[in-house]
Structure formats: structure tokens, C-alpha cells
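Asks: After the sequence you'll find the predicted model.
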Amino acid sequence: VQLVESGGGLVQAGGSLRLSCHATGGHTGYAMAWFRQAPGKEREFVAAITWAGYRTESADSVKGRFTISRADAGNTVYLQMTRLKPEDTAVYYCTARTGYFSRSRSDYQYWGQGTQVSVSS
């Protein structure tokens, strides 16, 4: 499975961005998620969604501000980010795994290259 992210960029605090992740090359049935990694910090869970898109989960730090969704028969996942804060600055990674989603980075088998999100104060 190949994952390609897009949509990152520079935005002022309080602004919005939408990240996209397109999956190719694999069979169906993958849960997908977004993680992020800020400089000098561990990669952390942001949000996840089941294959069918009926259930989602997000980190407390982004609840109420970020929304994960999927479309295109499940091959595209979005992360709509609103009310962005400087502490949201990080490289955002799209990831996929067979079966149900997980908050654990080590449970995911496939990763994209990442897209930079920078939020200025």
C-alpha cells in the first residue's frame, strides 16, 4: 500500500487546513489514521477512522478542532483542521493498518512520507 499526503502548509493561528491522504496498491479493509511529529518529540496519534468510516477517534488535544473522514470508496482520508494553534506545528503522517484502528504507532504497517504543517502565532 502506498500512501501520499498533501495539503500541508503555513497558516496563522486560528486558521484552517485540510490534509488529504490517497492510498493505492492495496486491497480494501484498512483502518487509517493520522499521526504527527514535532521537532524533538515522539510521533503521536492524532485521529483514526475505520475502513467503512463509521467510527472515528481522536486525541484529546485536537478534539473539537480536527475531523477525520474518508471518501473515494475508502481510498482517500482527510484531516480537516480548524482553530489551529502553534503547538499543532508538526510533520503529519498518514498511516494504514489491516483490521481495526489503533492509537499505537507500532500497530501500523504502512506510512506516507509526511506533510509539514506550520502554524504561526
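Replies: Okay, I see it.

Asks: and the residue positioned nearest the centre of the chain, bridged to which residues?
Replies: Here the mean C-alpha position of the chain is nearest to the C-alpha of Trp34 (C-alpha atoms, centre = their mean), at a distance of 2.3 Å. Per DSSP bridges, the residues bridged to Trp34 are Ala47, Cys94.

Asks: Now do the contacts for it.
Replies: Going by C-beta atoms under 8 Å, 6 or more residues apart in numbering, Trp34 touches 19, 21, 46-48, 68, 77, 79, 92-95. All C-beta atoms are positioned from the backbone trio N, CA, C, and that covers glycine.

Asks: quick one: it from Val91, how far?
Replies: 11 Å (C-beta to C-beta, to the nearest Å).

Asks: Could you do Gly74 as well?
Replies: From Gly74 over to Val91 the distance is 24 Å, taken as C-beta to C-beta.

Asks: list the contacts for the closest residue to Tyr108 other than its chain neighbours?
Replies: Among residues not flanking Tyr108 along the chain, Thr95 sits closest, at 4.1 Å (C-beta to C-beta, 6 or more residues apart in numbering). Contact analysis of Thr95 by C-beta under 8 Å, 6+ apart lists 3, 32-35, 105, 108, 110-112.
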